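Student: Below is the sequence, then the predicted model.
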Amino acid sequence: MNKISRIFKPGREPSQAINHIVIILMLIFALGPVVILGFNSLKSTAELGLNPLGPPKNILWENYPKAWVEGNFATTMRNSGFLVIVTVSSVLFLAGMAAYSLARLKPPGSNAFMVFMLVGTTIPVWMYIVPLFILWRTLGLIDSLFGLIIIYTAGNSPFAIFLLRTFMVGIPRDLEDAARIDGATEWQVFRNVIVPLAWPGFLTVGLVVALGTWGEYQLAMIFVHKPDLFPVTTSYFSFVSQYSRDWGLTSAGAIMMIAPVLIIFLALQRQFIDGLTQGGVKL
């Protein structure tokens, strides 16, 4: 009886073994495919057929430079980088001002605008893709990176406005009032007071938009047809279609395609999680 009472003694911390096991299984489930992809990128086609899951016995580093040249990744990664930088900058600038207006200035119809955005985000893009394509063709925005940037900016802005607004609502108004008493304009209040305090929200939005823009495939395939304007996702599809039987080469191309987003996410994952958590609490 004494042994049992000692085991179930109040205040005794429960064992963390189950939690550790679950975390390890989730880690294997998440990183396992990436590790296998990395292994396969260093194999020949013959070795990959005999050993599709294990590490390579004869490492072929030549797969990477060959995939870089054959897949034209120098051009397509530059295109994707341009799309990401301009889209993220546009979304943060426009959504930041809109969120500030909705959170602080309360313009007429702001509540109706929020409802409109909420409803708009639930409509799949395929419901209006045909009229959008006709409009873009009329405006001469087909085969244009700026045409894609406009679509990406419009598609990501509702989420960005919602999240940034939750951050700005939680900022004390006393700081803004003090800046206005010192003679600051609304733009100066937004730039010098609101943006630094809501920086975790801006960082979270920027990371989400960057990852989504880098990996977007379907809209890029529809609106861009020139190979020299392809982003990295559509160029990789063409690359795989051409070298569908050379699995080592296509695996090397896949590693090069996902490497930038993995590095960025791993470097900023703590700020990303903190930003989502703070936004959720203030919501």
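Tutor: Received, thanks.
Student: Hmm, Pro227 is touching Ser235, no?
Tutor: Yes. Between Pro227 and Ser235 there is a contact under Cβ atoms under 8 Å: 7.3 Å. Placement of C-beta: from N, CA and C, glycine included.
Student: list residues touching both of those two?
Tutor: Counting by Cβ atoms under 8 Å, 6 or more residues apart in numbering, the contacts common to Pro227 and Ser235 are Asn72.
Student: Who has more neighbours out of those two?
Tutor: Between Pro227 and Ser235, counted using other Cβ atoms under 10 Å, Ser235 has the larger neighbour count: 24 against 12.
Student: so what's the spatially most central residue of the chain closest to, chain neighbours aside?
Tutor: Among the residues of the chain, the one closest to the centroid is Leu211, at 2.2 Å (Cα atoms, centre = their mean). Counting by Cβ to Cβ, 6 or more residues apart in numbering, Val261 is the residue found nearest to Leu211 once chain neighbours are left out, at 5.5 Å.
Student: which residues touch that neighbour?
Tutor: Applying Cβ under 8 Å, 6+ apart, the residues near Val261 are 210-211, 214-215.
Student: Let's see if you can find the most crowded of those.
Tutor: Going by other Cβ under 10 Å, Ala210 tops these with 23 neighbours.
Student: Check which helices and strands the strand or helix carrying Ile85 sits against.
Tutor: Per DSSP states H and E, Ile85 falls inside helix 73-100. When contacts are defined as 3 or more Cβ pairs under 8 Å, 6 or more residues apart in numbering; DSSP states H and E, helix 73-100 sits against helix 145-169, helix 199-215, helix 232-242, helix 247-282.
Student: Looking at those, spot the one closest to Ala46.
Tutor: helix 247-282 (9.4 Å; Cβ to Cβ).
Student: before we move on, the earlier item: could you check how far the residue nearest to Leu211 is from Leu50?
Tutor: 31 Å (Cβ to Cβ, to the nearest Å).
Student: Thr121 too?
Tutor: 48 Å.
Student: cool, Asn72 as well?
Tutor: 31 Å.
Student: These two: which is more packed in?
Tutor: More crowded of Asn72 and Leu50, by other Cβ under 10 Å: Asn72, with 16 against 10.
Student: That one against Pro227, yeah?
Tutor: Yes. In this structure Asn72 lies within contact range of Pro227 using Cβ under 8 Å: 7.2 Å.
Student: Mind listing the shared neighbours of those two?
Tutor: Common neighbours of Asn72 and Pro227 (Cβ under 8 Å, 6+ apart) are Ser235.
Student: thinking again about what came up before, specify which member of the contacts of Val261 is nearest to Pro55.
Tutor: Among these, and counting by Cβ to Cβ, the member closest to Pro55 is Gly215, at 27.1 Å.
Student: Quick check, pLDDT for Leu102.
Tutor: pLDDT, the model's per-residue confidence, is 86 for Leu102.
Student: In contact with it, which residues?
Tutor: 110, 113-114, 161, 165.
Student: again, but for Leu262
Tutor: Applying Cβ under 8 Å, 6+ apart, the residues near Leu262 are Val34.
Student: Just give the number of residues close to Pro65.
Tutor: 10.
Student: Please, which helix or strand holds it?
Tutor: Judged by DSSP H and E, Pro65 forms part of helix 63-70.
Student: and that helix, what's its mean pLDDT?
Tutor: 90.
Student: Stretch 253-266: which residues count as buried?
Tutor: 253-258, 260-261, 264 (16 or more other Cβ atoms under 10 Å).
Student: quick check, nearest of the residues you listed to Asn192?
Tutor: So of the buried residues of stretch 253-266, ranked by how close each gets to Asn192 (Cβ to Cβ), first place is Ile264, at 27.5 Å.
Student: and the gap between that closest one and Lys57?
Tutor: In terms of Cβ to Cβ, Ile264 sits 33 Å off from Lys57.
Student: One more: Ile23?
Tutor: 31 Å.
Student: so what pLDDT did Arg137 get?
Tutor: Checking the pLDDT column for Arg137, the value is 93.
Student: what sits up against whichever strand or helix holds it?
Tutor: Per DSSP H and E: Arg137 is located in helix 129-139. Under the criterion Cβ under 8 Å, 6+ apart, residues 125, 142, 147, 151, 222-223 lie in contact with helix 129-139.
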